[in-house]
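Engineer: Take a look and give me a structure for this.
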Amino acid sequence: MKRIVISLAILVAALVALTGARQAPALANAQKVERGKYIVRIAGCNDCHTPLKMGPKGPEPDMTRMLSGHPESVKVPPPPAAQGPWLGSMFATNTAWAGPWGVSFTANLTPDETGLGTWTFETFKQAIRTGRHMGRGRPILPPMPYPMYKNFTDDEMHAIYTYLRSIPAVKNRVPDPLPPAGAPGAPGAPAAG
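Structural biologist: Next up, the predicted model:
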């Protein structure tokens, strides 16, 4: 009988250890998601990447489209010309910006294929570190503060990436940036010949 009790105690201890070992990665991932959520909030990512809508007290973030970038269904007219010391202008959704760089649209940060769904952590990290789309493409344009965000540690970036992979995916193909007024390909520019 004593042997059976000892065997059961060993079995219970092994099951507890196995359960704990299985829960440890899940707990670590949950902690990383919470850390990433915290960083995304204090870094102000929602300020530009979540479209604004009109609420009872004025413009407010449309959390049904959280971090989905400029709405593909919202077309922007040509921006007004900058006057005086003003450098640029922003669109009513706070997801499109115009200035000497042209017109930039905030990216879809959700895990949908139209957002960061195909991005690896390395792609994400390189985009922030280099200021280039996908870490090697076109420049990331204003107002994205990548010169500040590139100072996140790898652990902080991984937490942000892990959080962004955990949020609801929103299908929303953000338009490509528009070149500055008068540049080839800009709306209203003469056709290249």
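
Engineer: So which residues of this structure form strands?
Structural biologist: 52-55, 58-61, 89-90, 96-99, 102-105 (DSSP state E).

Engineer: Direction included, what does the first one pair up with?
Structural biologist: Based on DSSP bridges, the strands next to strand 52-55 in the sheet, each with its direction, are strand 58-61 (antiparallel).

Engineer: could I get the strands of the chain as TSV with mean pLDDT?
Structural biologist: Listed next are those as TSV, based on pLDDT from 0 to 100:
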stretch	mean pLDDT
strand 52-55	95
strand 58-61	95
strand 89-90	92
strand 96-99	94
strand 102-105	95
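
Engineer: Which one of those lies nearest to P177?
Structural biologist: Proximity to P177 (CB to CB) singles out strand 102-105 among these, at 5.0 Å. Where C-beta positions appear, they are placed from N, C-alpha and C, glycine not excepted.

Engineer: before we move on, the earlier item: of the strands of the chain, which is nearest V40?
Structural biologist: Distance to V40, taken as CB to CB, is lowest for strand 58-61 among the strands of the chain, at 12.6 Å.

Engineer: Convert the C-alpha atoms of the closest one to PDB, please.
Structural biologist: Taking C-alpha atoms only, strand 58-61 is exported to PDB below (Å, rounded to 0.1, in the frame of the first residue of the first chain):
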ATOM      1  CA  GLY A  58     -16.400  65.200 -31.400                       C
ATOM      2  CA  PRO A  59     -13.800  63.100 -33.100                       C
ATOM      3  CA  GLU A  60     -12.900  59.800 -31.400                       C
ATOM      4  CA  PRO A  61     -11.100  56.700 -32.300                       C
END
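
Engineer: Not counting it itself, show me its contacts.
Structural biologist: 46, 50-54, 92, 94 (CB atoms under 8 Å, 6 or more residues apart in numbering).

Engineer: now do 6 Å
Structural biologist: 46, 50, 52 (CB atoms under 6 Å, 6 or more residues apart in numbering).
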